[in-house]
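In: just coords:
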């Protein structure tokens, strides 16, 4: 009897696993199709190689996201959380020439959409200043990035790096999360893992909501 | 069933955590003042080379390089000049390529086109892990006794147009004249070393 029950259970588990696999394949296929749709090679070609008419160029440039040039002083000011009601701040340092930076950018855009109004998210490019109206905004437009974007121009990268975090060893990408008080709660040099970063952001809200939970229990 | 699912999720979370923290947790245990034991790595021709054979009478500068990194490209001219200037002073430059994503033939071609000094292949980024090296270009100067005397950036400006502080050259000159190195570390800025997934 037990044997029969166990067999029935095993059958159920196998059927469930099979269904999960089928659904996962369907969704993965869709995801891939969407990715292809979102970043087609032709779009890149349109931006990079297709030579539009002069009027189209100015129209295209005016539609590109604004990238603000900052120096070390402005950078330090940006990272400060002085307001008592300041939101957590997620900062991503990147460059157009950095492949891992480009690879993780869609996830950053998604995080920005998901946590809009809950956290501040900014990106700081370390491209050459000559790209402030070129490759940097073009890439941001391609990514449909809406977060505030900056380009850091500094006479000393070493000093700038040290002013952001003592743990930053100078490699790109570098992503750092500050809580509302400006305390570093998470950082990673190299590509971030979205779920891990998301969990770190969520932790901040859990901490903030902890006293309310206690009050409700009383 | 529920318990098994929770266990599976927990295992997955742990694996993800360890994989992602690997690169950033390569701690700087190998600090200035540490002594490097002799090591052997293959060069771009597959010939095994050792630190003690390649270093000069006043030591060696190990530079982590990359074929694709634009920051390395920006520094190439200065690295080549540095190698020539200090070879005459008994310090030899040794290139290290630890990028798992860069194929040997490309490293070999790039090496032949750009550098006169040897470039060693750090398979599985063993040396990069030992040093805690994370970017390219990143410099390590070991003196004649293989003691790490300087670690970090070449200078303060990757473009080379506004160099005001030559961190590495200053450290080398101080060490060569028997003085204490005033600035023994400076954060190197560049491309992350692409490590093998372990």
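Out: That came in fine, so what should we check first? Model, not experiment: these values are computed from the prediction. Numbering: from 1, shown residues only, chains lettered A, B, ... in the order given.
In: wasn't residue B:148 part of a helix?
Out: No: Residue B:148: not assigned to a helix; according to DSSP: H, G, I helix; E, B strand; the rest coil it is strand.
In: mind checking how far residue A:193 is from residue A:200?
Out: Here residue A:193 is placed at a distance of 10 Å from residue A:200 (C-beta to C-beta, to the nearest Å). Yep, even glycine has a C-beta here, placed from its N, CA and C like the rest.
In: list the contacts for residue B:124?
Out: Contacts for residue B:124 were tallied using C-beta atoms under 8 Å, 6 or more residues apart in numbering or on different chains; they are B:100, B:196, B:198.
In: residue B:98 versus that one, what's the distance?
Out: Distance, residue B:124 to residue B:98, by C-beta to C-beta: 9 Å.
In: just name the shakiest helix or strand of chain B by mean pLDDT.
Out: The helix or strand of chain B with the lowest confidence, counting by mean pLDDT, DSSP states H and E, is helix B:2-24 at a mean of 48.
In: what's the following helix or strand after it?
Out: Where DSSP states H and E defines the elements, the next helix or strand beyond helix B:2-24 is strand B:40-43.
In: other SSEs contacting the following helix or strand past that next one?
Out: Counting by DSSP H and E, the element after strand B:40-43 in chain order, helix or strand, is strand B:48-50. Secondary-structure packing of strand B:48-50 (3 or more C-beta pairs under 8 Å, 6 or more residues apart in numbering or on different chains; DSSP states H and E): strand B:40-43.
In: and the strand it packs on, which strands flank it?
Out: As defined by DSSP bridges, the strand partners of strand B:40-43 come to strand B:48-50 (antiparallel), strand B:119-121 (antiparallel).
In: near chain A at all, the helix or strand just after the last one?
Out: Past strand B:119-121, further along toward the C-terminus, the next helix or strand under DSSP H and E is helix B:126-131. No: using C-beta under 8 Å from any C-beta of the partner chain as the criterion, no contacts between helix B:126-131 and chain A are found, and the smallest distance is 11.0 Å.
In: got a list of contacts for the following helix or strand past helix B:126-131?
Out: Counting by DSSP H and E, the next helix or strand C-terminal to helix B:126-131 is strand B:135-136. With contact meaning C-beta under 8 Å, 6+ apart, strand B:135-136 is reached by A:169-171, B:64-66, B:69, B:71-72, B:99, B:188-193.
In: just stretch B:170-180 next, same as before
Out: Contacts to stretch B:170-180, defined as C-beta under 8 Å, 6+ apart, come from residues B:58-59, B:61, B:86, B:89, B:91, B:141, B:143, B:149-150, B:181-184.
In: how about a cut-off of 10 Å?
Out: B:32, B:58-59, B:61, B:82, B:85-86, B:89-91, B:139, B:141, B:143-144, B:147, B:149-152, B:155, B:166, B:181-186 (C-beta atoms under 10 Å, 6 or more residues apart in numbering or on different chains).
In: in it, what's buried?
Out: By 16 or more other C-beta atoms under 10 Å in any protein chain shown, the buried positions in stretch B:170-180 come out as B:170, B:171, B:172, B:174, B:175.
In: can you check stretch A:83-98 too?
Out: Neighbour-count burial for stretch A:83-98 flags A:87, A:88, A:89, A:90, A:91, A:92, A:93, A:94, A:95, A:96, A:97, A:98 (criterion: 16+ other C-beta under 10 Å).
In: ok, and the closest non-adjacent residue to residue 119?
Out: I'll assume chain A. Once flanking residues are discounted, residue A:119 sits nearest to residue A:88: 4.5 Å by C-beta to C-beta, 6 or more residues apart in numbering or on different chains.
In: that answer is for a different chain, and I need it for chain B
Out: Nearest residue to residue B:119 in three dimensions, chain neighbours excluded: residue B:95, at 3.6 Å (C-beta to C-beta, 6+ apart).
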